[in-house]
Each structure stands twice: as structure tokens, then as C-alpha cells.
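Engineer: I need the structure of the sequence given here:
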Amino acid sequence: MRTIRGFTLAGAACLAAALFLLLAPAAARAQKEIVLWHAYRGEEKAALEEVVARYNAANAAKGIKITTLPIPYDAFADRITAAVPRGKGPDLFIYAQDRLGGWIEAGNTIEPIDFYLDQPTRDRFLPTTLQAMTYQGNVYGLPLNFKVITMIYNKKLVSKPPTTSAELVATAKRLTNAKAGRFGLAYSYADFYYHAILMNAFGGGVFDAQRRPQLDSPANVKSFQLLMKWFGTDRILPAEPSTALITSLFNDGKAAIVFSGPWFLGEVAKGVDYGLAPLPTLTEADGAPMRPWMTVEGVFVAAPSKNKDAAYDVAKYLTDLSAAKTMAVRGRQTPSNLKVYEDPQVSADPVLQAFRDQVEVAIPMPNLAEMTLVWSPATTAMNTIVKKSATIPAALAEAQAKVVEGIQRLRGGK
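Structural biologist: Take a look at the predicted model:
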């Protein structure tokens, strides 16, 4: 056996093995991998990874590391529903509030975080974004960012954006020439999500304060009557507007004004000089503002996670001021963090500020479990109304009946 400075190689090997056995268990206990699922791509994904890298560098000595896993958006909700309750999912995931009620009632997906949530953390958010993370009085996630619809206009065609619906119709009529394929206003008006801007302005909505569906309420009827006036009488809207058609019309200078969200801006051609402005107030509703639904992406701690304390710490970090600035400037998101809009770089950005202004009158999209039962009947009603296959009250009454029936089945006939 060879000897090196008094030690045999065998002795050295034994010493190394002993040290490994002594130190390895402690290192293993200290290492915590927090798995985070998200559906981001492009700029949003790059910004999130930058924030995660900063967290990992700052917490390396503690042995805490975030590992991210991007999931295709179309499969994301089903993956959460199938994997998380069985303990096969992540420690954290980022998703909008629309599935919140369903996941809570299904059980073992997410849990309240009120135990962790101190007042300074509550105060860092826009109040309505925290409201979107709240279900029956408990908070289930930290709001990361929000998305709302606002008014987007072609500056070459519209020098002064309308501030009322009366001005909107007058401007749109002047710029509409249906035979030439030009329209003053284009948006997905047959999509129930987009129609919420009118429905909410009239004081309508999907549910009343007792969680009972109210699709056929007088306020909702009024909202559809106004829509059909724009479509059938004023003739300022294109027929059967698809997302591709609206984008094409705007890029070709054939749609002066569009109602849409931040997702639309990525499709605008580089040569189009556009501006953003708040949605007009409704002359027909005594000057009430159009009130879009607000979707809020939250960071949720998975109920089966074995590292909940560390996972919450990560969620808190992802929603702090530094992370919010990165997500805003690099990721082009509109964070739920209030203070980030006071940052000079963010406050000077007209796009970020436009959506920040619009959120002041936005309403969080319902996060009740029953909401999943609304989309199909509501969409059918909208198509029926737009195609004039039934009267507005009749179409909404049928949708209401189907939603009530669906809820009764969901609740076991109760």
C-alpha cells in the first residue's frame, strides 16, 4: 500500500468516507428545493427567472433553492387539479383567481395563508387584487399581477380619445365605413368576458350578494340592449369579430378604437402609433364608468407541500417591491404591488400607468366555484342575442335557468 506523508491511501479514503457520513445528513436536512409551476413565456418568463435567480443567490447559504417548471397554459389548470391534491405537484404555483373556489371546495389543493399574512404584507397590494385572492373571508394566495381591459386607439385616426359613450359613438360613426371594411370600434363583444365592461357599469353581474346567479337581471338586460344598439342601430362594430380579425383591422388602420388588454399589445404592428386611455363612462348609465373584470394571478402555496414555511417566504419575495419592478420593466406585467407605480421608471411608462389607472374601476372576476358553470350558457346567450335568434330577455332567462340547474347538480340537488 502506498504511503503519502504518513497516511495510506486506504486510511485517507476511510477518513473521507467518515467525513462524508458526518456532514452529508446535515447538508441534506438543510437543503430545501421549492418547486414553482408557472405558465409564463417570453418576457414574463425571463423576468420571473431573473427574480428567482436573485432569491436563490441570496438564500444559497440557507440551502433554499427555487426550481421553476413552465407548464403549457392550456394544460395548466388540469395539471394542478390532477396532480396537486395527490401530492404530486409543486410547492407553489402561479395562476389566476377564477379557479380559486373550485380548488378550495375540491380540497387539498390550496389552504388559507392568513396565519402567515401580516399587516405590512397586506398593505403592499392594491386592495382589489387581495380581494381577488380572498374566498369566504380567508386569503389563499398573494396577488402577483393583474390584467384588465382598457381602451386602445390609433393616434393617426383618433386625436382625442372619447371619455363618454356618447363621444365614443359619435367618433366611431365618423370613422366607420362598413363597405370599405373600416370600423370606429372593434372588440370581442360576443365574448362574455369582454361584455362585463357594460354589464358591470349598469350595476349588473353574474351573482348577487348571496352568491345566487342573476344573469337575467334588469341591469344585465340593459347592458345587452346598449350592445345591440351599437351593433344593430349605430353599426359601429364589425360582424362576428374574431381575435385575428380585430388585430388585422387595427394593424391595417381599419379599426380606430379597440377594447382589449395587455395581451393585445404584443400583436400590434411596429408601425402603428397607438395610445391607451381609460374606458369611457356610460352616458346611458348616468355617467357610471365602464367596469372591466380584473383577473389577478396569485402565488399559491400547495396544500400538500412539505415546505410550506419556505414556500410562503418565496411567495412573499416574488411579490415584494424589487421583484415587482423586474416583472413590470422586464416582464411587461402590471404588478399588484402598490409602491412599484411610484418608481420613476415605472411611472414614466404610459402603458403600465394606463392599466394602473384602469384598475381603479375594475371588478375582480368572480372566484366562486359556480363560475365555471356560467361560461357556456352565457356564451350561448350572447351568440343568440347577437344573431337575433331570440330576444334579450328570453336568451338571458334560458341562460339563467341552465346555470341554476347546473348549480343544483353541483350541490347535490340542494
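Engineer: going forward, measure contacts and count neighbours with C-alpha atoms only.
Structural biologist: Noted.
Engineer: count of residues packed around Ile236?
Structural biologist: Residues within reach of Ile236, counting by other C-alpha atoms under 10 Å, total 27.
Engineer: again, but for Val206
Structural biologist: 21.
Engineer: How about Ser217?
Structural biologist: Count around Ser217 with other C-alpha under 10 Å applied: 19.
Engineer: Then Gln119?
Structural biologist: When neighbours are counted by other C-alpha under 10 Å, Gln119 comes out with 8.
Engineer: Report the contact partners of Gly205.
Structural biologist: Neighbouring residues of Gly205 by C-alpha atoms under 8 Å, 6 or more residues apart in numbering: 196, 199, 214-215, 220.
Engineer: Among these, which are located in helices?
Structural biologist: Among the contacts of Gly205, the subset assigned to helices under DSSP state H consists of 196, 199, 220.
Engineer: returning to what we had before: in the contacts of Gly205, which residue is surrounded by the most others?
Structural biologist: Neighbour counts for the contacts of Gly205 (other C-alpha under 10 Å) peak at Leu215, which has 28 neighbours.
Engineer: Taking the contacts of Gly205, tell me the two that lie furthest apart.
Structural biologist: Spatial extent of the contacts of Gly205 (C-alpha to C-alpha) is set by the pair Ala196 and Gln214 at 13.4 Å.
Engineer: how would you label Ala381: helix, strand or coil?
Structural biologist: Of the three states, Ala381 takes helix under DSSP: H, G, I helix; E, B strand; the rest coil.
Engineer: Would you confirm that it contacts Ala401?
Structural biologist: No: Ala381 lies out of contact with Ala401 (C-alpha atoms under 8 Å); the separation is 11.5 Å.
Engineer: The two: which is more packed in?
Structural biologist: Per other C-alpha under 10 Å, whichever of Ala381 and Ala401 has more neighbours is Ala381, with 27 against 16.
Engineer: show me the contacts for the more buried one.
Structural biologist: Ala381 makes contact with 395-396, 398-399 under the criterion C-alpha under 8 Å, 6+ apart.
Engineer: quick one: which of those residues has the most company?
Structural biologist: Busiest of these [other C-alpha under 10 Å] is Leu396, holding 26 neighbours.
Engineer: Kindly format the C-alpha coordinates of the helix or strand containing it as CSV.
Structural biologist: If you go by DSSP states H and E, Leu396 is part of helix 392-410. Taking Å, rounded to 0.1, in the frame of the first residue of the first chain, the C-alpha atoms of helix 392-410 are listed here in CSV:
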residue,chain,number,x,y,z
ILE,A,392,-82.6,39.6,-25.0
PRO,A,393,-84.8,38.7,-22.0
ALA,A,394,-85.6,35.3,-23.4
ALA,A,395,-81.9,34.4,-24.1
LEU,A,396,-80.8,35.6,-20.6
ALA,A,397,-83.7,33.7,-19.0
GLU,A,398,-82.6,30.5,-20.7
ALA,A,399,-79.0,31.0,-19.6
GLN,A,400,-80.2,31.8,-16.0
ALA,A,401,-82.2,28.5,-15.9
LYS,A,402,-79.2,26.5,-17.2
VAL,A,403,-76.9,28.0,-14.6
VAL,A,404,-79.4,27.4,-11.8
GLU,A,405,-79.8,23.8,-12.9
GLY,A,406,-76.0,23.3,-13.1
ILE,A,407,-75.5,24.7,-9.5
GLN,A,408,-78.2,22.4,-8.2
ARG,A,409,-76.4,19.4,-9.7
LEU,A,410,-73.1,20.7,-8.3
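Engineer: Can you tell me what sits against that helix?
Structural biologist: By C-alpha under 8 Å, 6+ apart, helix 392-410 touches 213-216, 221, 224-225, 370, 373-374, 377-378, 380-382, 384-385, 414.
Engineer: ok, now with 7 Å
Structural biologist: 213-216, 221, 224, 370, 373-374, 377-378, 381, 384-385, 414 (C-alpha atoms under 7 Å, 6 or more residues apart in numbering).
Engineer: Let me know the closest of the residues you listed to Arg99.
Structural biologist: Glu370 (9.8 Å).
Engineer: From Met294, how far out is that closest one?
Structural biologist: From Glu370 over to Met294 the distance is 18 Å, taken as C-alpha to C-alpha, to the nearest Å.
Engineer: Repeat that for Gly63.
Structural biologist: 37 Å.
Engineer: ditto for Gln225
Structural biologist: Distance from Gln225 to Met294, by C-alpha to C-alpha: 23 Å.
Engineer: Ala186 now?
Structural biologist: Counting by C-alpha to C-alpha - Ala186 and Met294 are separated by 20 Å.
Engineer: ok, which stretches of the stretch 101-250 of the chain are helices?
Structural biologist: 119-123, 127-132, 165-175, 192-201, 218-228, 243-251 (DSSP state H, counting those that start in this stretch).
Engineer: Figure out which of the ones you listed is closest to Phe355.
Structural biologist: helix 127-132 (13.4 Å).
Engineer: what's the spacing between the closest one and its chain's center?
Structural biologist: A distance of 12 Å separates the C-alpha centroid of helix 127-132 from that of its chain, computed with C-alpha atoms, centre = their mean, to the nearest Å.
Engineer: pLDDT weak spots in the protein?
Structural biologist: For the chain, the stretches flagged by pLDDT under 70 are 1-30, 413-414.
Engineer: top strand in it by residue count?
Structural biologist: For the chain, the longest strand by residue count, based on DSSP state E, is strand 293-301.
Engineer: about what we covered before: TSV please, covering the contacts of Gly205 and showing distance to Ala324.
Structural biologist: Shown next, in TSV, are the contacts of Gly205 (distance: C-alpha to C-alpha, whole Å):
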residue	distance to Ala324
Ala196	28
Met199	32
Gln214	37
Leu215	37
Asn220	36
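Engineer: How many residues are close by Asn59?
Structural biologist: By other C-alpha under 10 Å, neighbour count at Asn59 equals 13.
Engineer: quick one: it and Val299, what's the gap?
Structural biologist: 19 Å.
Engineer: just Thr163 next, same as before
Structural biologist: 35 Å.
Engineer: For the stretch 201-350 of the chain, which segments are assigned as strands?
Structural biologist: 255-260, 274-277, 281-282, 288-289, 293-301 (DSSP state E, counting those that start in this stretch).
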